[in-house]
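Participant: Build me a structure from this.
(2 chains)
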Amino acid sequence: MAFYEQHIHPKPTNFLSKYIISYDHKVIGKQFLWYGIFFLFVGGLMALMIRWTLAYPGEAFPIIGHFLFPESGGAVPPDTYAMLFTMHGTIMIFYAITPILIGAFGNFCIPLMIGARDMAFPLLNMLSFHVAVLSGVVLMGSLFTPLGAAAGGWTSYPTLSTLIGSPGVGQTLWSLAIFIVGISSTMGAVNYITTIITLRAPGMGYFDMPLTIWGLGLTAVLNAIFLPVLGAGVLLLIFDRVFGTTFFLAGAAATSGTGDPVLFQHVFWIFGHPEVYILILPAWGIVSDLLSFFARKPAFGAKATALSMTTITILSTLVYGHHMFTTQMSPLLTQTFMTLTMTISIPSAIFFANWLGTIWKGSIRFTSPMLFSLGVVFVFGLGGLTGLYLGTVTTDLYLHDTYFVVGHFHYTMAASVLLGGFAAIYFWMPKMFGTIMNEFWAKIHFWITMVGLNIVFMGMLLIGYAGMHRRIFNPFVYDFTQKLIPLNEMTTWGAIIMGFAQLIFVVNFVHAVFFKKEKASDNPWEVGTLEWTMPSPAPHYNFDKIPVVKCGPHEFGNPNLTGDRDFQYQTEELA
Amino acid sequence: MSQAMTENIQTVQSSQTVDYTDQKRVVNSIAMIMILVSLSMLFATLFLGYTVYRVSADTWPPFGFETISLTIPGISTLLVLLSSFFLVLFKSSWLQEKKSSKYFYFTALAFGFGFLLSQFQLWASLKASGILAGSSVFASMVYAFTWIHAAHMVVGILALLWISTSLKGFSEEQLTKMINVEKFWHFLGVIWVIIFFGIFVF
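Facilitator: Below you'll find the model as predicted:
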């Protein structure tokens, strides 16, 4: 392990150097957090519009509908509906979850938890955020182009995304935005990997790293390897749209050429399946740590958890074909992909059992981060299990493109990641902003969110199992969907409940960041990882002296501990 | 404390005595390798697409197209290889602090520019013979590969210009920069050679 002493940045003095062009990983983490929360709001509003349209098609969207869609009397028009679900997916995945889990907590936690002064490449880190902002501007700009934003779904399959399917400039800007955000994430990934390899504090082996860092590191590896694949795909899509190449044009739709629209699907999912794990791995890591911290017990089988996360990372690169069972793939291939997909259950079951083993007989403290972590365990369990039906060819042929798929991936990617993100925000709040959020309101936020999201996503599973297709403006034109209207209304009200629950969070968060006088103590959660050895909020240089690590991150209940402390700092050495 | 951990701390302590710039060089190399892995995946995806089109086509090149003349791509290959060769010469003579090193540098740079010029020639000649980006997926592939590679070559040339400051004389930091720029430049050379054989020759 290469180890070197990093320079300490000078203390920032003015607003610009402190908040806008800062090299400090903590500031960049916070920038990503605000950026992610902004897009979470935009994407969430879009989700509400989608849900409203599915419950009350043709009725005006409450309050802001008349302002947004004056021509249709406040109701969401069909073409706008397609743009909404496209942009909702894109924004939530690339502009909300990625910045919050990977951008914000990756940046904030990695140097603090491994005992470094900053990332290995602070300038690259700063640029990564600025490039992400540029991408966000391009994407949001596409909403204001003459024919509107991209409308081919977040997967943007040709021919929906070629000039024939979407003639407007919106789809081109979408592709460009994704390419730019890919550059940003790759820059971040290179930085994370290098930092984790080279800047761990003396004494910290890979298995002494908190599992959060394992999750973030594996995510970075997947990002660095697979984002360029999507990059190549959207680049060819841009060439098709702008320069008239014919990669994805074929059949009757093509004026000339012998391209292959399905190739884009392959390229997309070679990236897209690892992307699912890119989003969920940080949440898994965070939850693995938090469960141990609040059960006041060492993480059960921490090494096995880390290794099973690694195994999943490797397996995730081999299973992409399960997204394409209905593309006339050879049965030999579908069976292979199905078998490989099922293999993922093994490492998943291992770390799931480890989570349960961790909380088994622990003296659990039901704080807000713990509640959210337990929430992740529950919703990820549901998400994972519903995935089995989609990974199996026979059932997938029936369920493909129904709301069952939507329910499944919202349980895994939206519910789990969102709850994991909230757990992280509540947990690291004292280190980030120096204050602790109101616990009472945090718990209220948790319970309402939990009820709301389960109504929404369970509703989606039921609707989908009954056969309702996704991405249809008004599915109730079909007779068999008439009976699903009440279920759709229930789902929508679940979404509204969930949406309003977030206002509690926003108020609590803004209050804690800007208005709360009472400062948090250095180690309010009584946890032994390195970031809790420093003052709250973390000073700009992180550690005055680089710590020397003596033990793992989850040391609880050592009989040699003195006083009434039940945890051991990673810098402490006990027999 | 476990034995593994003790050993770990010892290796760390022993490595702390190593020079700061040496450590920095390792860090930069790891990052550069990650960047090259990322770029390899970008080009690998393009090659995957190419393979699919090629294998699924009845005839290759598709009906109505002739194989592209190897003259210009051949010259490009020669230029990019010579450029890499002179960059190697530059580095070794620069390390020995020879005065001739700057000639090698400028030759490498000139061949790099020459390569870009040859690419423009290639596009012009394709256009002159009526092969446009939209003519067929074969033409699209040739253009996409050369465009994307040329865009990276522009970055590569900028990187070469960036290390021109090293002509003032040897320093450890300049060496770190040079090692990484060299990696990037040779990588682009290798990619071109694969494009040349994969697309133009076979």
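Participant: Low-confidence regions, chain A specifically.
Facilitator: A:1-5, A:251-258, A:575 (pLDDT under 70).
Participant: Point out the other helices and strands that the longest helix seen in it packs with.
Facilitator: Longest helix of chain A, by residue count under DSSP state H: helix A:261-295. Contact here means 3 or more CB pairs under 8 Å, 6 or more residues apart in numbering or on different chains; DSSP states H and E; on that basis helix A:261-295 packs against helix A:105-114, helix A:211-238, helix A:302-315, helix A:345-359, helix A:368-391, helix A:417-433, helix B:20-56. Placement of C-beta: from N, CA and C, glycine included.
Participant: Student question: in chain B, what's the helix or strand with minimum average pLDDT?
Facilitator: Ranked by mean pLDDT, DSSP states H and E, the weakest helix or strand in chain B is helix B:3-16, scoring a mean of 46.
Participant: gap between the residue nearest the centre of chain A and chain B?
Facilitator: Central residue of chain A (CA atoms, centre = their mean): A:I97, 3.3 Å from the mean position. Counting by CB to the nearest CB, to the nearest Å, the gap from A:I97 to chain B is 21 Å.
Participant: Equivalent analysis for A:F293, please.
Facilitator: Remark: distance between A:F293 and chain B (CB to the nearest CB) = 22 Å.
Participant: which residues touch that residue?
Facilitator: A:P369, A:M370, A:W525, A:V527, A:H554 (CB atoms under 8 Å, 6 or more residues apart in numbering or on different chains).
Participant: Give the burial count for the first one, as a bare number.
Facilitator: Counted with other CB atoms under 10 Å in any protein chain shown, the neighbours of A:P369 add up to 27.
Participant: hey, where'd the helices end up in chain B?
Facilitator: B:3-16, B:20-56, B:71-95, B:101-128, B:137-162, B:172-195.
Participant: Buried ones in the third one, by neighbour count?
Facilitator: Within helix B:71-95, the residues that count as buried by 16 or more other CB atoms under 10 Å in any protein chain shown are B:72-73, B:75-77, B:79-84, B:86-87, B:89-91, B:93-94.
Participant: Please verify my assumption that A:H540 contacts A:H25.
Facilitator: No. A:H540 lies out of contact with A:H25 (CB atoms under 8 Å); the separation is 10.1 Å.
Participant: who's more crowded, those two?
Facilitator: Using other CB under 10 Å, the more surrounded residue of A:H540 and A:H25 is A:H25, with 27 against 17.
Participant: And that one, how far from A:V405?
Facilitator: Using CB to CB, to the nearest Å, one obtains 37 Å as the distance from A:H25 to A:V405.
Participant: Likewise for A:A520?
Facilitator: The gap separating A:A520 from A:V405 is 42 Å, by CB to CB.
Participant: same check, this time on A:G244
Facilitator: As judged by CB to CB, A:G244 and A:V405 stand 34 Å apart.
Participant: who has more neighbours, the two?
Facilitator: Shown here are A:G244 and A:V405; by other CB under 10 Å, A:V405 has more neighbours (22 against 18).
Participant: show me the contacts for that one.
Facilitator: By CB under 8 Å, 6+ apart, the contact list for A:V405 reads A:L390, A:L399, A:G464, A:R470.
Participant: In three-state terms, label the residue nearest to A:G74 when sequence neighbours are not counted for me.
Facilitator: Using CB to CB, 6 or more residues apart in numbering or on different chains and skipping residues adjacent in sequence, the residue nearest A:G74 is A:A60, 2.9 Å away. Secondary structure state of A:A60, per DSSP: H, G, I helix; E, B strand; the rest coil, is coil.
Participant: I figured A:A60 hits A:G73, correct?
Facilitator: Yes. A:A60 is within contact range of A:G73, at 5.9 Å (criterion: CB under 8 Å).
Participant: got any residues that touch both of these two?
Facilitator: Going by CB under 8 Å, 6+ apart, residues that sit against A:A60 and also against A:G73 are A:H66.
Participant: These two: which has the busier surroundings?
Facilitator: Between A:A60 and A:G73, counting by other CB under 10 Å, A:A60 is the more crowded of the two (17 against 12).
Participant: Next, give phi and psi for the more buried one.
Facilitator: phi -60, psi 140 (degrees, to the nearest 10).
Participant: what sits against it?
Facilitator: By CB under 8 Å, 6+ apart, the neighbours of A:A60 are A:H66, A:G73, A:G74, A:A75.
Participant: how about the residue of the stretch 301-450 of chain A at minimum distance from chain B, what does it touch?
Facilitator: Residue of the stretch 301-450 of chain A nearest chain B, by CB to the nearest CB: A:T317 (10.9 Å). Listed by CB under 8 Å, 6+ apart, the contact set of A:T317 reads A:L222, A:I225, A:F226, A:H273, A:P274.
Participant: from memory the third one sits against A:W269, does it?
Facilitator: No. No contact is recorded between A:F226 and A:W269 when judged using CB under 8 Å, the distance being 10.3 Å.
Participant: Of those two, which one has the most company?
Facilitator: Comparing A:F226 with A:W269 by other CB under 10 Å, the one with more neighbours is A:F226, at 27 against 22.
Participant: so what's the more buried one up against?
Facilitator: A:I270, A:F271, A:P274, A:E275, A:I278, A:T317, B:M41.
Participant: Next: A:T341.
Facilitator: A:V319, A:H322, A:G391.
Participant: That one is in what secondary structure piece?
Facilitator: Here A:T341, judged by DSSP states H and E, is contained in helix A:331-343.
Participant: ok, how many other residues are close to B:E172?
Facilitator: Using other CB under 10 Å, B:E172 has 12 other residues around it.
Participant: What is the burial count for A:L163?
Facilitator: Neighbourhood size, A:L163 [other CB under 10 Å]: 18.
Participant: pLDDT below threshold where in chain B?
Facilitator: For chain B, the stretches flagged by pLDDT under 70 are B:1-20, B:63-64.
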